[in-house]
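*Asks:* starting from these lines, generate the structure:
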Amino acid sequence: MATPAAVFANVSSEPAGPHLLPPPTTATRTVSGLLGLTAAAGGLIGLAVTNPGPAAFEEFAAEKLTELASEELCRNEGLPLLARLLIQNCPELVRSQRKVLGRLARENSRRYNFGLLSIYGTRLGGEKVLPNWSIPRYDAVTLGVAGHFVLLSAGESAPGSPMP
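*Replies:* Next comes the predicted model:
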């Protein structure tokens, strides 16, 4: 049996083989830190440059509203009977209003610009169209970041509720 002194006598402070790297120097750590900071700054600048503005939001909203309005009005019998009798091709009628829907969303939205990203609060509807029929009021919150939009929440809202 080996004595503790004999066990520790075989331990060397030299690297055991060529696969071990020397400890990093101060210069290496400084360069690594600067590269990390540069990458982070580049990422932040990239987010700021690609923060989508109101025109891009209008395009996004036009697409989403066209889809939602077609589903709500044309497929779910959202229109009164008289309107359904008069409108021959409901989905086509809604698609023809795509630009108007986008502009309406842009005009009824509040943008919170945080530089790197934007949050859009939108409220649409609530107007009385026919004597016994009014458009439901909808609120939506949308995140704009890195050139894309993500719908965070959407749904009917109660009259008098604060705008998102």
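*Asks:* tell me the helix or strand right after the least confident helix or strand in the chain by mean pLDDT.
*Replies:* Ranking every helix and strand in the chain by mean pLDDT, DSSP states H and E puts helix 4-9 at the bottom, with a mean of 52. Scanning the chain past helix 4-9 towards its C-terminal end, the next helix or strand to appear is helix 26-49 (assignment: DSSP states H and E).
*Asks:* I'd like the average pLDDT over the helix or strand following that next one.
*Replies:* Moving toward the C-terminus from helix 26-49, the first helix or strand encountered (DSSP H and E) is helix 54-69. Model confidence over helix 54-69, given as mean pLDDT, is 91.
*Asks:* isn't G144 up against Y120?
*Replies:* Yes. When contacts are counted by C-beta atoms under 8 Å, G144 is listed as touching Y120 (6.5 Å). C-beta: built from backbone N, CA, C; applies to glycine.
*Asks:* give me the common contacts of these two.
*Replies:* Taking C-beta atoms under 8 Å, 6 or more residues apart in numbering as the criterion, G144 and Y120 both touch F57.
*Asks:* mind showing which ranges of the chain have poor pLDDT?
*Replies:* 1-19, 21-22, 41-44, 46-47, 76-84, 129-130, 133, 160 (pLDDT under 70).
*Asks:* swap in 90 and give it another go.
*Replies:* Where the chain drops to pLDDT under 90, the residues are 1-51, 65-95, 97, 115-116, 124-138, 146, 154-164.
*Asks:* could you count how many residues lie near Y112?
*Replies:* Around Y112 sit 12 other residues, with neighbours defined as other C-beta atoms under 10 Å.
*Asks:* now do Q88
*Replies:* Around Q88 there are 7 other residues, counting by other C-beta under 10 Å.
*Asks:* with L143 instead?
*Replies:* The number of residues packed near L143 is 14, by other C-beta under 10 Å.
*Asks:* can I get the helix or strand containing it in PDB, CA atoms only?
*Replies:* With the criterion set as DSSP H and E, the secondary-structure element containing L143 is strand 138-145. What follows is strand 138-145, C-alpha atoms only, in PDB (Å, rounded to 0.1, in the frame of the first residue of the first chain):
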ATOM      1  CA  TYR A 138     -62.300  44.000 -30.500                       C
ATOM      2  CA  ASP A 139     -59.000  44.800 -28.800                       C
ATOM      3  CA  ALA A 140     -55.700  43.400 -29.900                       C
ATOM      4  CA  VAL A 141     -52.100  43.700 -28.600                       C
ATOM      5  CA  THR A 142     -49.400  43.000 -31.100                       C
ATOM      6  CA  LEU A 143     -45.600  42.800 -30.600                       C
ATOM      7  CA  GLY A 144     -43.400  44.000 -33.500                       C
ATOM      8  CA  VAL A 145     -39.800  42.900 -33.300                       C
END
